[in-house]
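> just the structure for this:
(3 chains)
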Amino acid sequence: MRHILNAEQFTPAQLSELFEGANYFRQMDQKIATRREIMQRHFGRIMLSMFYEPSTRTFHSFDIAAIKLGIKVSGSQSASEFSSAAKGETIEDTVRVFNEYGVDAMTLRTKNKGEADIAASVATIPILNGGDGKGEHPTQAALDAYTINSELGQLHNLNVVIGGDLVNGRTARSLAQVLSKFPGNDITFLAPPEFQIGDDIKAKLDKTGTRYTEMNTLDIDAFGDADAIYWTRLQLERLGDTMNKEEAIEKQLEFTIDAKTLKVTPEHAIIMHPLPRVKEISTEVDDDRRAKYFRQAGNGLYIRMAMLDQIMNDADVRG
Amino acid sequence: MRHILNAEQFTPAQLSELFEGANYFRQMDQKIATRREIMQRHFGRIMLSMFYEPSTRTFHSFDIAAIKLGIKVSGSQSASEFSSAAKGETIEDTVRVFNEYGVDAMTLRTKNKGEADIAASVATIPILNGGDGKGEHPTQAALDAYTINSELGQLHNLNVVIGGDLVNGRTARSLAQVLSKFPGNDITFLAPPEFQIGDDIKAKLDKTGTRYTEMNTLDIDAFGDADAIYWTRLQLERLGDTMNKEEAIEKQLEFTIDAKTLKVTPEHAIIMHPLPRVKEISTEVDDDRRAKYFRQAGNGLYIRMAMLDQIMNDADVRG
Amino acid sequence: MRHILNAEQFTPAQLSELFEGANYFRQMDQKIATRREIMQRHFGRIMLSMFYEPSTRTFHSFDIAAIKLGIKVSGSQSASEFSSAAKGETIEDTVRVFNEYGVDAMTLRTKNKGEADIAASVATIPILNGGDGKGEHPTQAALDAYTINSELGQLHNLNVVIGGDLVNGRTARSLAQVLSKFPGNDITFLAPPEFQIGDDIKAKLDKTGTRYTEMNTLDIDAFGDADAIYWTRLQLERLGDTMNKEEAIEKQLEFTIDAKTLKVTPEHAIIMHPLPRVKEISTEVDDDRRAKYFRQAGNGLYIRMAMLDQIMNDADVRG
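Predicted coordinates:
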């Protein structure tokens, strides 16, 4: 069973295979004739898509990825409110029912960490984790890695600045783990002390010998030799009473990327963000050639096509 | 017009035809080649699916049933909140609009008893009642009957224990009515006095000469010669002030099926539940060969395929 | 780029082309064989449908229109609650992401006036405005014009009574503008003074030389030489403290169309309403031959098919 549950599970070889798939599907999507060809590829296959938490990008890009592969979708974008979960049903029971519906995959976004694993433990069909609360978001990690690889041509020997909220942001944490699987990377974690990267991640980096630095203020020098900047929103509301409102606004402004940042950022570097963005990247960055966050979101579509394609190919082998 | 509005409307002959259809579609669904064949069966047909109340199983199994027959679906899982009903439109007006959209069937779950009948009274397309409040849930009744027939080979001369909430549970009431259409059945209604089966159902059983017993405590002897056990959740919150919280918890535990129940239940018997289940069937029952509630939910898919297939065949005859 | 943003943008020639398209698709929809033919027309095309405000008719008729043209849909009927908008993302960012998903059109209903224009300003795909708050609802205007043209054979030299809420009802305002593009029309605006038509619309009518009269009471004589009556709901809740509840109810009754209205309405006239209707058209009007509001809603399906067809044909030309 090829569940997709966490970022850790991807080997460099598997990522490489996914990247190739994504490249292929992106190319086939450019012309209507080839798009039609792909849209017949998995005719007969069905995906359930159950989202128990809000999502735009993940829900619709999985939806469109399936559609573009000829997979039919039965989906719920508001499963927590309009499904049996509201009546107290466990995720295990929900999955056991869906096991019976003759579908070929189940995409799941859940409220609580670990629920994707629970689902997989009782599923007879592949589970794709579309985010389990503060837990994992493996398809985001794969598309982030794909974006770096597409834009920079490699995933090793890179200087990567990962900034913003490294405590609550699962995407920042996942990216660090993925980078640690490739040699020669050097990560700068740039965040206020309250939002700095966790000891668990640092332990993993130590284990693989990945170099990293922690910086607690947005020092513009951090960007001077960056190959990639991965920026996320500071979730100041989680600081509680340790900061008053004026301080919070000032702190937020302190961790904003803008035209000044662009000036010191190398020409070849790329700027990424998992989105949605609020104000932590100024819109004056949007038209810069190095801003890749919308392209990055689009990469999510093609990476998810590559994943679904593998899963449906597996199903074909089983018959 | 072949509306599906209530459990009463099914004759034994019609049920038998549905069971055959469900068997056929289950079989064709096992291999991708035959699944693809069925998925072209009703190309060109469209179903509207309007759910004004929460649902997982009914919504998605109708959705998937349509998909598997090649019927396209335009659906709303949260129609009460995001549709014109919120602006004060009557169900009649909503249906009259949908009459104009050139669709071939309309699946409907409504808040209030009787609304499916109202919808059918103005519809020029077949209405499938997916549950009208405390009223009817005919596709559930059909899948329950199908499950008994599939597992036990017959729907007559059976000892059936129907337990839990027989006041608010429309599925328990419907099943009793369906069983009364076949000779030789003997029903035990097992529920606290506050949740016992209604006089209207008893009158119908009397009329057809169906034997029944009422038991007000969960006496384990009730299961000793059961062929089928149909269990439902006790909706204790509806008891109001007649019971304090501790009593309620104890009452709930009293009406739970577990390993002890399994010991006295015959080897050939089956245990059913309309789901969602909260705690009234202990998870220690799940792996027992006699536990059929997940299979039962899966049967809902194939019964609904059989119903939709009949309706679309009718449409083909009309041209 | 063929965005559909406002009622103003339609020239008489464009409306005429849309009416022809709508007629064609209505005809092809009558038989299953021709419906199947149309359902293969735009295979390979995908539409995103994002609704940030409640809708039944607009959402489902766009959905079904796409389905009937062979266009696949990825849709959200509750985007405001279950999407990234809830996390503070701007509409511009949302659209820039969807630009990357390789879809061919985006249907949008937004909360605030002007958001469809904002979306179009950053979109690389055609935007179809499905209603932007109190702003525009161009597909409704087109279907209203189509209904008049279909039923009366022309859009010029007509006496049209437009009544109800002419302040908050964008459909009434749009219809007046469309009528002003054709010669010889004479409009009677029938509304309480608080709900009368705005000076902006009157200025436009003056500019094109379209005759109009304002009436502040429902004088039954207004209907005596009407060719079309376009009725809308009086949104009395917007009057605030200027009226007590009893007065409001009486005012509502004063602006209700019923059997008495039918008696003075010419035999050839038609009665329209954008729906949902609450009580401002008595149900005793529904069975009258002149009541066209349900047919009018159905016309929305075919007008939207005509629009989507044009957009997808454009996409084919671009390749």
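> now the longest helix seen in chain A: buried residues?
Longest helix in chain A, counting residues (DSSP state H): helix A:293-318. Within helix A:293-318, the residues that count as buried by 16 or more other C-beta atoms under 10 Å in any protein chain shown are A:293-312, A:315. In short, each C-beta sits where N, CA and C put it, glycine included.
> near chain B too, which of the residues you listed?
Among the buried residues of helix A:293-318, the residues lying close to chain B (C-beta under 8 Å from any C-beta of the partner chain) are A:Ala315.
> not counting sequence-adjacent ones, nearest residue to the residue in the stretch 1-150 of chain A positioned nearest to chain B?
Closest approach of the stretch 1-150 of chain A to chain B (C-beta to the nearest C-beta) occurs at A:Glu100, with a separation of 2.6 Å. Using C-beta to C-beta, 6 or more residues apart in numbering or on different chains and skipping residues adjacent in sequence, the residue nearest A:Glu100 is B:Gly298, 2.6 Å away.
> measure the one you found to B:Met305 for me?
From B:Gly298 across to B:Met305, the span is 11 Å (C-beta to C-beta, to the nearest Å).
> so which bits of the stretch 101-250 of chain A are right by chain B?
A:Tyr101, A:Gly102, A:Val103.
> pick the one among the residues you listed closest to C:Ile4.
A:Val103 (36.1 Å; C-beta to C-beta).
> how far away is that closest one from chain C?
Separation of A:Val103 from chain C (C-beta to the nearest C-beta, to the nearest Å): 18 Å.
> after the lowest-mean-pLDDT helix or strand in chain A, which helix or strand is next?
Counting by mean pLDDT, DSSP states H and E, chain A has its least confident helix or strand at helix A:79-82, which shows a mean of 67. The C-terminal neighbour of helix A:79-82 among helices and strands, as given by DSSP states H and E, is helix A:91-98.
> pull out the buried residues from that next one.
Result for helix A:91-98 [16+ other C-beta under 10 Å]: buried residues A:Ile91, A:Glu92, A:Asp93, A:Thr94, A:Val95, A:Arg96, A:Val97, A:Phe98.
> and the angle from that helix to helix B:293-318?
With axes from the mean of the first three to the mean of the last three C-alpha atoms, to 10 degrees as the basis, helix A:91-98 and helix B:293-318 are set at 40 degrees to each other.
> list the contacts of helix A:91-98.
A:48, A:50, A:83-85, A:106, A:110, A:115, A:118-119, A:121-123, A:125, A:127, B:56-57, B:60, B:275-277, B:286, B:294, B:297-298 (C-beta atoms under 8 Å, 6 or more residues apart in numbering or on different chains).
> from these, which would you call buried?
A:48, A:50, A:83-85, A:106, A:110, A:115, A:118-119, A:122-123, A:125, A:127, B:56-57, B:60, B:275-277, B:286, B:294, B:297-298.
> how close does the residue lying closest to A:Glu115 once chain neighbours are set aside sit to A:Gly75?
Closest residue to A:Glu115 apart from its sequence neighbours, by C-beta to C-beta, 6+ apart: A:Asp132 at 5.0 Å. Using C-beta to C-beta, A:Asp132 is found at 18 Å from A:Gly75.
> domains for chain A, by residue range?
A:7-137+A:300-318, A:138-296 (automatic domain parsing).
> and among those, the most buried is which?
Of all the domains of chain A, domain A:7-137+A:300-318 carries the top mean neighbour count, a mean of 20, counting by mean count of other C-beta atoms under 10 Å in any protein chain shown.
> what is the end-to-end distance of it?
Domain A:7-137+A:300-318 has an end-to-end distance of 26 Å (C-alpha to C-alpha, to the nearest Å).
> centre of the chain versus it, how much separation?
13 Å (C-alpha atoms, centre = their mean, to the nearest Å).
> try stretch A:131-141
That offset, for stretch A:131-141, works out to 7 Å (C-alpha atoms, centre = their mean).
> quick one: list the elements packing against the helix or strand hosting A:Ala120.
Per DSSP H and E, A:Ala120 falls inside helix A:115-122. Applying 3 or more C-beta pairs under 8 Å, 6 or more residues apart in numbering or on different chains; DSSP states H and E, we find helix A:115-122 packed against helix A:91-98, strand A:105-110, strand A:127-132.
> now A:Tyr212, what's its secondary structure?
Under DSSP: H, G, I helix; E, B strand; the rest coil, A:Tyr212 falls in the strand class.
> quick check: chain neighbours aside, which residue is closest to it?
A:Ile187 (4.3 Å).
> per-residue pLDDT of A:Pro54, please?
Looking at A:Pro54, its pLDDT stands at 78.
> what about A:Val160, which helix or strand?
Element membership of A:Val160 [criterion: DSSP H and E] is strand A:159-163.
> for that strand, which strands pair with it and how are they oriented?
strand A:186-190 (parallel), strand A:228-231 (parallel) (DSSP bridges).
> looking at the ones you listed, which is nearest to B:Ser180?
So among the strands paired with strand A:159-163, strand A:228-231 is nearest, using C-beta to C-beta, at 66.4 Å.
> assign a three-state SS to the residue sitting nearest the centre point of chain A, would you?
Closest residue to the average C-alpha location of chain A: A:Gln140 at 1.3 Å, with C-alpha atoms, centre = their mean. Following three-state DSSP, the label given to A:Gln140 is helix.
> residue contacts, it?
A:Thr58, A:Gly131, A:Arg170, A:Thr171, A:Ser174, A:Pro274, A:Gly300.
> out of those residues, which sit inside helices?
Residues from these lying in helices, with DSSP H as the criterion: A:Thr58, A:Arg170, A:Thr171, A:Ser174, A:Gly300.
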